[in-house]
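Peer 1: what shape does this take:
(4 chains)
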Number of protein chains: 4
Amino acid sequence: MSEPAAADDGDRRDSYPHFLTIPTRWADNDVYGHVNNVEYYAFFDTVINRWLIAEGGLDIHGRESGQVIGLCVESHCAFRAAISFPDDVEAGLRVGELGRSSVRYEIGLFATGADAPAASGWFVHVFVDAATRRPVAMPAPLRACLERLRAPAPGSPS
Amino acid sequence: MSEPAAADDGDRRDSYPHFLTIPTRWADNDVYGHVNNVEYYAFFDTVINRWLIAEGGLDIHGRESGQVIGLCVESHCAFRAAISFPDDVEAGLRVGELGRSSVRYEIGLFATGADAPAASGWFVHVFVDAATRRPVAMPAPLRACLERLRAPAPGSPS
Amino acid sequence: MSEPAAADDGDRRDSYPHFLTIPTRWADNDVYGHVNNVEYYAFFDTVINRWLIAEGGLDIHGRESGQVIGLCVESHCAFRAAISFPDDVEAGLRVGELGRSSVRYEIGLFATGADAPAASGWFVHVFVDAATRRPVAMPAPLRACLERLRAPAPGSPS
Amino acid sequence: MSEPAAADDGDRRDSYPHFLTIPTRWADNDVYGHVNNVEYYAFFDTVINRWLIAEGGLDIHGRESGQVIGLCVESHCAFRAAISFPDDVEAGLRVGELGRSSVRYEIGLFATGADAPAASGWFVHVFVDAATRRPVAMPAPLRACLERLRAPAPGSPS
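Peer 2: Model (predicted):
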């Protein structure tokens, strides 16, 4: 057991097709003077859902049967360097695996302009019916916006 | 007792000399589908402290005697319209009263481009010695950056 | 302008008919080593809504017309002493004013066993139809649970 | 890729030697009506740090060289069932791996009285010098309190 391995090439800035700048807030810093580990997951949630709403037609207020929302079933983060208020975070987003009703996002959080991430992680959404909360195939617009974030297969021509 | 009065002219966008755009986050929304009332105070904290750090030399990591930090002793907010993720908030900031060791900020939170605030409030900082936590006169650079945010006296020529 | 006045007799522990113990969390502490001012309002929200759910039948998941939810329209807090993780907070709750569709709660936050509050504030709920979000008269069970928290009128026999 | 596997025997309530009850807060619920995934990590942080402070002498306010604090370098959570305000969470804590300067905690979050966890995860602390932020061997009292939370080796006699 040791510290997380240094980010490898697969985590560098140019491996993420989409970025969102997220300004830190005063309350993000904890008693140790840096953004609390918990908030990194709030950054994950935010870059993901903003993409789904803007590009995939996700309606987060939907409650009716037939409407589809995404629930988090698993998440993970490796913390490599500190981020502190009042810095901005540049959140990179790509899609690792894309199933019928679920998707695994990969997220890198970068200091402004940095090439290696301060943290990287992943997050799995299962899409469910908003009323029954049972998994359903994701609607076409959602799938399409996720396809656009697919990471290239290793070794594939760019 | 009734709903807060509608914002009057003193709360309109052009009464605030400084603005910071604060993107909402997924976790800001509560079960009723809008940004939770608590988070509005996090927006207050953020626009204020970013100003003090960038313009007034505030060192939020200071712990030594002789260093000065600002502690909140009172705050207030009137909520007039809902804000929801994924909207941005435009936080307007001005200084209402400026004492020897304390300052009363007035904050307006606006939807993008709106003239009337979705919420408005105030927040009082007492500046204290970082080690003893006793009130002290604010250092000149802090005072100078706050003077620049003074609200014009009512009826004063602009 | 000065620090908030010391709590007077009206803010002492025995002036609150209901208490909820709220343990602090790691993330509540900010960079200055104490619970961030924003979190105090989360404590207000929590003691209020737990009472309404447990005693007044509030259904926070209601979205249908005819269901009633409470929206915060104004809140205020005066901070008198620091609270820090891992301390518990004892949140005292009483009702100051009770209207047809709105209620003003008064809240005192106490360190364990303390007689004077570390912070005190107030919070106004307007009850609205869950679908239309228009103010409505509060249902009888909600009103009844709020009547039980009425503060005695000043000078009234105890 | 699928939903997280159902919790196996290794995740059941009696596999955790220490529990802390954490009441949920109003603001924990997100727009989907359940505690937001991010807050589960705040529960992890809280059960861990309360143990270290109460049992291991951790001083979270330490800033001097020679003082030791724990920084999170990796965390993970699998979400199996929803938790909602106003429910309590019972957070179970055990130690999986214990190194010279780092520890891997395993956490199970349970609904009141439930045998299978609503969520389970892990969290790695590296202990560092509070001033230099370089890894150091954990002090004896910290190590001792972590030894007491060691999970039994698989197949060991109970």
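
Peer 1: could you list the buried residues of stretch A:78-90?
Peer 2: For stretch A:78-90, the neighbour count (16 or more other CB atoms under 10 Å in any protein chain shown) marks A:A78, A:F79, A:R80, A:I83, A:S84, A:F85, A:P86, A:D87, A:V89, A:E90 as buried. For every residue, glycine as well, the C-beta is placed using N, CA and C.

Peer 1: now stretch A:114-122
Peer 2: A:A116, A:P117, A:A118, A:A119, A:S120, A:G121, A:W122.

Peer 1: same question for stretch A:98-110.
Peer 2: By 16+ other CB under 10 Å, the buried positions in stretch A:98-110 come out as A:L98, A:S101, A:S102, A:V103, A:R104, A:Y105, A:E106, A:I107, A:G108, A:L109, A:F110.

Peer 1: which single one of those is nearest to A:Y16?
Peer 2: Using CB to CB, A:G108 comes nearest to A:Y16 of these, at 5.6 Å.

Peer 1: which residues does the closest one bridge with?
Peer 2: Here A:G108 shows beta-bridge partners A:G92, A:S120, assigned using DSSP bridges.

Peer 1: who's in contact with it?
Peer 2: A:A7, A:D11, A:R13, A:S15, A:Y16, A:A91, A:G92, A:P117, A:A119, A:S120 (CB atoms under 8 Å, 6 or more residues apart in numbering or on different chains).

Peer 1: one more pass at 10 Å, please.
Peer 2: A:7, A:10-13, A:15-16, A:19, A:47, A:90-94, A:114, A:116-121 (CB atoms under 10 Å, 6 or more residues apart in numbering or on different chains).

Peer 1: dump the buried residues of stretch A:98-110 into JSON lines; add secondary structure, pLDDT and distance to C:F127 as well.
Peer 2: Converted to JSON lines, the buried residues of stretch A:98-110 look like this (DSSP: H, G, I helix; E, B strand; the rest coil; pLDDT from 0 to 100; distance: CB to CB, whole Å):
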{"residue": "A:L98", "secondary structure": "strand", "pLDDT": "97", "distance to C:F127": "44"}
{"residue": "A:S101", "secondary structure": "coil", "pLDDT": "98", "distance to C:F127": "39"}
{"residue": "A:S102", "secondary structure": "strand", "pLDDT": "98", "distance to C:F127": "39"}
{"residue": "A:V103", "secondary structure": "strand", "pLDDT": "98", "distance to C:F127": "40"}
{"residue": "A:R104", "secondary structure": "strand", "pLDDT": "98", "distance to C:F127": "42"}
{"residue": "A:Y105", "secondary structure": "strand", "pLDDT": "98", "distance to C:F127": "39"}
{"residue": "A:E106", "secondary structure": "strand", "pLDDT": "98", "distance to C:F127": "44"}
{"residue": "A:I107", "secondary structure": "strand", "pLDDT": "98", "distance to C:F127": "40"}
{"residue": "A:G108", "secondary structure": "strand", "pLDDT": "98", "distance to C:F127": "45"}
{"residue": "A:L109", "secondary structure": "strand", "pLDDT": "98", "distance to C:F127": "41"}
{"residue": "A:F110", "secondary structure": "strand", "pLDDT": "98", "distance to C:F127": "45"}
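
Peer 1: residues near the nearest residue to A:G62 once chain neighbours are set aside, how many?
Peer 2: Take A:G62 and drop its neighbours on the chain: the residue closest to it by CB to CB, 6 or more residues apart in numbering or on different chains is A:A130, 4.5 Å away. A count of nearby residues for A:A130, using other CB atoms under 10 Å in any protein chain shown, gives 19.
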